[in-house]
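Student: what would the 3D arrangement of this be:
(chains A and B)
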Amino acid sequence: SQQGEEDPQALSIQEGENATMNCSYKTSINNLQWYRQNSGRGLVHLILIRSNEREKHSGRLRVTLDTSKKSSSLLITASRAADTASYFCATGSYGNNRLAFGKGNQVVVIP
Amino acid sequence: NAGVTQTPKFQVLKTGQSMTLQCAQDMNHEYMSWYRQDPGMGLRLIHYSVGAGITDQGEVPNGYNVSRSTTEDFPLRLLSAAPSQTSVYFCASSSTGLAGQETQYFGPGTRLLVL
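Tutor: Numbering: from 1, shown residues only, chains lettered A, B, ... in the order given. Purely as a prediction, here's the structure:
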């Protein structure tokens, strides 16, 4: 089954800096989603980008999707301490009733 | 709306014991699923349901049973707990049966330790 794989696995940055995470996948997809997980909590949906979209914004989040390279990136601009979390990408494909999750990126924002 | 709720929050079991993890949602979602999360493994799908009375297996179904008698509830049963089932379990739901096409709403998780 297809699966997102995030890179890098762990990122430590200063507050105010930008954080970029990448996700690669192996098969054709219908959409790619990013989720955030704070320590000890459930996952929270951040953004969904469909296969016919190249870029999407939501507040300080910017997601790009390159279907030719089978990759996506999540950019968090002007990071805050509250952005400290794990970030997961997940892919969905046509006719498939499940999401395939990557292993996650841990981001630590130092105040 | 409470969203997706899970009980219990924490549980310790002895090997061989059985238990049921509860999951409920009040959003009238058709699709519900169970994942387990282990360090370095991401989330792996255990079982899912596209509507009341319909369930199917995910990636790692062995040792777990599910049923879906109502739209709201989707319990996960461990028949005979093993240490390998020590994990954090998440329930999730989405609006329609096309879970691969839409946002998933997650519960807060159940931490399970099997001794």
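Student: count of residues packed around residue A:40?
Tutor: If you count neighbours by other CB atoms under 10 Å in any protein chain shown, residue A:40 ends up with 10. Where C-beta positions appear, they are placed from N, C-alpha and C, glycine not excepted.
Student: how about the nearest residue to the residue of chain A found nearest chain B, chain neighbours excluded?
Tutor: Proximity of chain A to chain B (CB to the nearest CB) peaks at residue A:92, 3.0 Å away. Once flanking residues are discounted, residue A:92 sits nearest to residue B:100: 3.0 Å by CB to CB, 6 or more residues apart in numbering or on different chains.
Student: do the same with residue B:16
Tutor: residue B:80 is the one closest to residue B:16 (CB to CB, 6+ apart), at 5.4 Å.
Student: by proximity to chain A, which residue of chain B wins?
Tutor: Closest residue of chain B to chain A, CB to the nearest CB: residue B:100 (3.0 Å).
Student: tell me how many other residues surround that residue.
Tutor: Counted with other CB under 10 Å, residue B:100 comes out at 23.
Student: then it would be within a strand, right?
Tutor: No. According to DSSP: H, G, I helix; E, B strand; the rest coil, residue B:100 belongs to no strand; its state is helix.
Student: who's in contact with it?
Tutor: If you count contacts by CB atoms under 8 Å, 6 or more residues apart in numbering or on different chains, residue B:100 has them with A:30, A:31, A:91, A:92, A:93, A:96, A:97, A:98, A:99.
Student: looking at it, the fifth one is touching residue A:28, isn't it?
Tutor: Yes. Contact between residue A:93 and residue A:28 holds when scored by CB atoms under 8 Å: they sit 6.2 Å apart.
Student: of those two, who's got more company?
Tutor: Neighbours were counted for residue A:93 and for residue A:28 using other CB under 10 Å; residue A:93 has more, 20 against 12.
Student: if I look at the more buried one, how far off is residue A:29?
Tutor: With distances taken as CB to CB, to the nearest Å, residue A:93 is found 5 Å from residue A:29.
Student: could you do residue B:22 as well?
Tutor: On the measure of CB to CB, residue B:22 and residue A:29 end up 33 Å apart.
Student: neighbour count winner among the two?
Tutor: Neighbour count, other CB under 10 Å: between residue B:22 and residue A:29, residue A:29 has more, with 24 against 15.
Student: now the more buried one: closest residue in space, sequence neighbours ignored.
Tutor: residue A:91 (4.6 Å).
Student: can you check residue B:79 too?
Tutor: residue B:18 is the one closest to residue B:79 (CB to CB, 6+ apart), at 5.6 Å.
Student: what residues are up against the one you found?
Tutor: B:77, B:78, B:79, B:80, B:81.
Student: filter those down to the ones in strands?
Tutor: B:77, B:78 (DSSP state E).
Student: which residues of chain B lie near chain A?
Tutor: Listed as neighbours of chain A in chain B under the rule CB under 8 Å from any CB of the partner chain: B:4, B:31, B:33, B:35, B:40-45, B:48, B:50, B:58-59, B:90, B:92, B:97-109.
Student: in strands, which of these appear?
Tutor: Using DSSP E, the members of the residues of chain B next to chain A that fall in strands are B:4, B:31, B:33, B:35, B:42-45, B:48, B:50, B:90, B:92, B:105-106.
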